[in-house]
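[1] Below are the sequence and a predicted model for it; my questions follow.
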Amino acid sequence: IVLEDLRVKNMSASASGTVAEPGRRVRQKAGLNRAILDKGWHRLELALTSAARYTGTTLVKVSPAYTSQRCYACGFVTEGNRESQSVFVCKNP
């Protein structure tokens, strides 16, 4: 099983800022935080870890950097590989 090593705690950090420098778009960030936390990614990871341990399956966490732009076959990374959310075409020369 391969999972992205997402830092959910960092992704859902507050945008409120400080008294001297108040945050911007705090309401939008609060909505995003709610959506991230509602998905239950951490709970899914815990359940998969438990199931993997029980069945003897290996669970691997990979860095989330460029995972949507990296070709799984050759490893080539470029922004152009991802033509849209659902279309991926390797542009390796």
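    Right, received. Where do you want to start?
[2] Mean pLDDT per helix and strand in this structure: which one sits at the bottom?
    Of the helices and strands making up the chain, the lowest-confidence element is helix 8-11, at a mean of 74, by mean pLDDT, DSSP states H and E.
[3] Which residues does that helix contact?
    Residues from elsewhere that reach helix 8-11 (C-beta atoms under 8 Å, 6 or more residues apart in numbering): I36, L37, W41, H42. C-betas here are computed from N, CA, C, even on glycine.
[4] Of these, which belong to helices?
    In helices, judged by DSSP state H, the following of the contacts of helix 8-11 are found: I36, L37, W41, H42.
[5] quick one on the thing from earlier: and the least confident helix or strand of the chain, C-alpha only, in CSV?
    Once side chains and other backbone atoms are set aside, the C-alpha atoms of helix 8-11 remain, and they are given as CSV (Å, rounded to 0.1, in the frame of the first residue of the first chain):
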residue,chain,number,x,y,z
VAL,A,8,-2.7,17.1,7.7
LYS,A,9,-1.9,19.2,10.8
ASN,A,10,0.1,21.7,8.7
MET,A,11,-2.5,21.7,5.9
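[6] separation between the spatially closest residue to V26 that is not a sequence neighbour and A30?
    Nearest in space to V26, with sequence neighbours left out and distances taken as C-beta to C-beta, 6 or more residues apart in numbering, is A15 at 5.1 Å. With distances taken as C-beta to C-beta, to the nearest Å, A15 is found 8 Å from A30.
[7] Look up how far S68 lies from the residue nearest to T78 when sequence neighbours are not counted.
    With C-beta to C-beta, 6+ apart as the criterion, T78 has its nearest non-adjacent residue at 5.6 Å, and that residue is K91. The spacing between K91 and S68, counted by C-beta to C-beta, is 14 Å.
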